[in-house]
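# here is my input, please return the structure:
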Amino acid sequence: MQKKCYYVYILSNKYNNVLYVGITNDLIRRVYEHKNKFVEGFTKKYNVGKLVYYEVFDNPYNAITREKALKGYGRKKKVELINSLNLEWKDLYEKL
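Numbers count the residues shown, from 1 in each chain. Okay, here's the model as predicted:
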């Protein structure tokens, strides 16, 4: 049986001036939904669909805790986190 994974992710828009933090158990599906505007709300309104950062967890409670922490970060700290792994802010979705 395949082990379940949970993902905490950060999306941005084309100009990298909007950041969205989310959580899912299927990163490919969830980012696809954001990219294709299937999700009503913030990401659709602000055209957010570029995956710039993500972390993988094997425990949903750890993922939820991390998501809450990231949501509490200011923009500067989120940008530093993204830059630590994706300095060019490339869309990581294509490599999933």
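
# all contacts plus neighbour counts: C-alpha atoms, from now on.
Noted.

# ok, and what's touching the worst-scoring helix or strand of the chain on mean pLDDT?
Ranked by mean pLDDT, DSSP states H and E, the helix or strand of the chain with the weakest confidence is helix 42-45, at a mean of 94. Here helix 42-45 makes contact (C-alpha atoms under 8 Å, 6 or more residues apart in numbering) with 20, 34, 37-38, 48-49.

# one more time with 7 Å
With contacts defined as C-alpha atoms under 7 Å, 6 or more residues apart in numbering, helix 42-45 is touched by 34, 37.

# for it, buried residues please.
For helix 42-45, the neighbour count (16 or more other C-alpha atoms under 10 Å) marks 43-44 as buried.

# after it, next one along is what?
Using DSSP states H and E, the helix or strand that follows helix 42-45 in sequence is strand 50-57.

# tell me the strands beside that following strand, with direction?
With DSSP bridges as the test, strand 50-57 is paired with strand 6-12 (antiparallel).

# the partner strand: how far from the chain's middle?
A distance of 2 Å separates the centroid of the chain from that of strand 6-12, by C-alpha atoms, centre = their mean, to the nearest Å.

# ok, stretch 74-85 next?
Stretch 74-85 has its C-alpha centroid displaced from the chain centroid by 12 Å (C-alpha atoms, centre = their mean).

# for the residue nearest to residue 64 when sequence neighbours are not counted, name its beta-bridge partners.
Nearest residue to residue 64, sequence neighbours excluded (C-alpha to C-alpha, 6 or more residues apart in numbering): residue 23, at 7.3 Å. Counting by DSSP bridges, residue 23 forms beta bridges with residue 8.
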